[in-house]
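Student: Take a look and give me a structure for this.
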Amino acid sequence: DGAPYAPASPREAAAHGVAFVHQELNLFSNLSIAENIFIAGFPLRAGLIDRRATHAHTAALIERVGLDLPPGTLVERLSQGERQLVEIAKALNLSARVVIFDEPTTSLTPPEIERLFAIIGQLKAGGISVIYVSHALEDVVRLADRMLVLRDGAVAGSGRFSAGEMISLMVGRPLDRMFPARTARPADEVVLEARGITQPSVLENVSFRLRKGEVLGLAGLMGSGRSELARMLFGLDERSGGEILLEGRPVPHLSPSLGAAFLTESRREDGLLMDGSVTMNLTLVTPEPRRVPEVIAATGLRVADPGRQPVRQLSGGNQQKVVLGKWIVGRPKVFVLDEPTRGIDVGAKLEIYRLIDQLAAAGAGLLVISSEIEELIGIADRILVMRRGEIGGEFSRAGFDREAILRTAL
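Tutor: As a prediction, the model looks like this:
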């Protein structure tokens, strides 16, 4: 409102009517939906929390965001997309005048995204201003009245832009190709085979083969079982049946000691030590500090002082390069990459794609899980589509078709 604004805390920002929907969800998983939404201040009755009023207000809020769950449901039982909707309801509860959305669609299904866009439309109609931070440029073109493009911490452009114009501003040059050409062909030798991986109500008889030098894409909607399959391959989740073979030999599960790498879906929660230095994180899996400069160069990581600078200070794209780099140090033969480009800009994405191609060209087999069909079409040799815990279809590179893949996923 024309006055200087420099909040010393989130509470002070909220008092000024500014709400923030975080990309890395800011929820207490051991508390209920209602408790998370009212964590900053509960309705009181006779000096005690009024549970009835809390649940009634929560029910109205989550109905607005299209979340059909009891207010008392624990957040730890929610999917990633459902947690995102709780974050949005939490912001709406603050009666904010400005709502900042940071990458709000990264974990949402298409119907949930449409619901979010409808909510943003309602906010605008009610006189609430919205700052929408996103790497999904088509969404920005659809939603924004005005765009502000940042590059290296500075404003690269302001106004109305097409997606192509924004890409050029973001990377400082035109991008003729969003995906690098493959530099090698997969070998015939199978490096990883899954036979009948099963867990009741989660996965049902999932089988596939991954060849040396192959990039195998794994598509599917949220809840289709993609991430659960990856976790079972590494023994992080239980399976009731099935067999895993590494270079033809049965193994109980994949592990770093067997030459396998797992890039998890959330780099902040279980991929990095956020307060640790870049060097510390790069040597978490294989303690070889002498290889750190080589890995920094190979990943294109931008860091001033790797021995001192904490990864918390890096951009999302550079953090993701650290996660990949910590695995590259040990030269694995199998990589399982779960959403390797989520929440990073188009320039960093291109560098990750080039790195994936280089790893495949060196003979590694890569299983790449992604919610972006275009991404898998751009980088994969073959795509498997999961649906309700099963492999619903397989597409070879010559037969890639976005509509057919999406239809199979649905």
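
Student: And the residue positioned nearest the centre of the chain, what's its pLDDT?
Tutor: Centrality entry for the chain: nearest residue to the mean C-alpha point is Arg342, 3.8 Å, by Cα atoms, centre = their mean. Among the per-residue scores, Arg342 shows a pLDDT of 84.

Student: How many neighbouring residues does Pro256 have?
Tutor: 16 (other Cβ atoms under 10 Å). Glycine gets a C-beta too; all of them are placed from N, C-alpha and C.

Student: Touching, it and Val329? I think so.
Tutor: No: with contact defined as Cβ atoms under 8 Å, Pro256 does not reach Val329; the gap is 10.3 Å.

Student: Quick check: neighbours shared by the two?
Tutor: Counting by Cβ atoms under 8 Å, 6 or more residues apart in numbering, the residues touching both Pro256 and Val329 are 285-286.

Student: in stretch 184-196, what's buried?
Tutor: By neighbour count with 16 or more other Cβ atoms under 10 Å, stretch 184-196 contains the buried residues 186, 190-194.

Student: Now do it, average pLDDT.
Tutor: Mean predicted confidence for stretch 184-196 is 95.

Student: what sits against Ile120?
Tutor: 101, 130, 132, 143.

Student: repeat that with 6 Å
Tutor: Contacts for Ile120 (Cβ atoms under 6 Å, 6 or more residues apart in numbering) come out as Val130.

Student: State the phi and psi torsions of it.
Tutor: In terms of degrees, to the nearest 10, the main-chain angles of Ile120 are phi -60, psi -40.

Student: Now do the helices in the stretch 301-410 of the chain.
Tutor: For the stretch 301-410 of the chain, the helices defined by DSSP state H, counting those that start in this stretch occupy 316-328, 346-361, 373-379, 402-409.

Student: And for Pro310, nearest residue in space, chain neighbours not counted?
Tutor: Leaving aside its sequence neighbours, Pro310 sits nearest to Asp275 (Cβ to Cβ, 6 or more residues apart in numbering; 5.4 Å).

Student: Thr183 too?
Tutor: Ala361 (4.9 Å).

Student: That neighbour contacts Ala184, doesn't it?
Tutor: Yes: using Cβ atoms under 6 Å, Ala361 is in contact with Ala184, at 4.0 Å.

Student: mind putting the helices of the stretch 301-410 of the chain in TSV, mean pLDDT and mean neighbour count included?
Tutor: Below are these laid out as TSV (pLDDT from 0 to 100; neighbours: other Cβ atoms under 10 Å):
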stretch	mean pLDDT	mean neighbour count
helix 316-328	91	24
helix 346-361	91	20
helix 373-379	91	20
helix 402-409	85	15
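
Student: Now render the ones you listed as a markdown table, adding distance to Pro7.
Tutor: Output for the helices of the stretch 301-410 of the chain, formatted as a markdown table (distance: least, Cβ to Cβ, whole Å):
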| stretch | distance to Pro7 |
| --- | --- |
| helix 316-328 | 23 |
| helix 346-361 | 29 |
| helix 373-379 | 37 |
| helix 402-409 | 42 |
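
Student: For the residue nearest to His135 when sequence neighbours are not counted, list the residues it contacts.
Tutor: Leaving aside its sequence neighbours, His135 sits nearest to Asp345 (Cβ to Cβ, 6+ apart; 5.6 Å). Each residue near Asp345 by Cβ under 6 Å, 6+ apart is listed here: 135, 170, 317.

Student: Point me to the helix or strand that includes the first one.
Tutor: Taking DSSP states H and E as the definition, His135 sits outside all helices and strands.

Student: Over to the one 4 residues further on?
Tutor: Under DSSP H and E, the secondary-structure element containing Asp139 is helix 137-143.

Student: buried residues in that helix?
Tutor: Neighbour-count burial for helix 137-143 flags 137, 139-140, 143 (criterion: 16+ other Cβ under 10 Å).

Student: Report the distance from it to the chain centre.
Tutor: Helix 137-143 sits 19 Å away from the centroid of its parent chain (Cα atoms, centre = their mean, to the nearest Å).

Student: which other helices and strands contact it?
Tutor: Helices and strands touching helix 137-143, by 3 or more Cβ pairs under 6 Å, 6 or more residues apart in numbering; DSSP states H and E, are helix 163-171.

Student: what helices or strands is the helix or strand following the helix it packs on leaning on?
Tutor: Counting by DSSP H and E, the next helix or strand C-terminal to helix 163-171 is strand 190-199. Secondary-structure packing of strand 190-199 (3+ Cβ pairs under 6 Å, 6+ apart): strand 203-211, strand 241-246.

Student: tell me how far whichever helix or strand comes after the shortest one is from the chain's mean position?
Tutor: To tie it back to what came earlier, the one meant is strand 241-246. As assigned by DSSP H and E, the chain's next helix or strand after strand 241-246 is strand 249-251. Chain-centre distance of strand 249-251: 31 Å, with Cα atoms, centre = their mean.

Student: Next one: Pro10 from Ile88, what distance?
Tutor: Pro10 sits 16 Å away from Ile88, going by Cβ to Cβ, to the nearest Å.

Student: That concludes my questions; thank you for your assistance.
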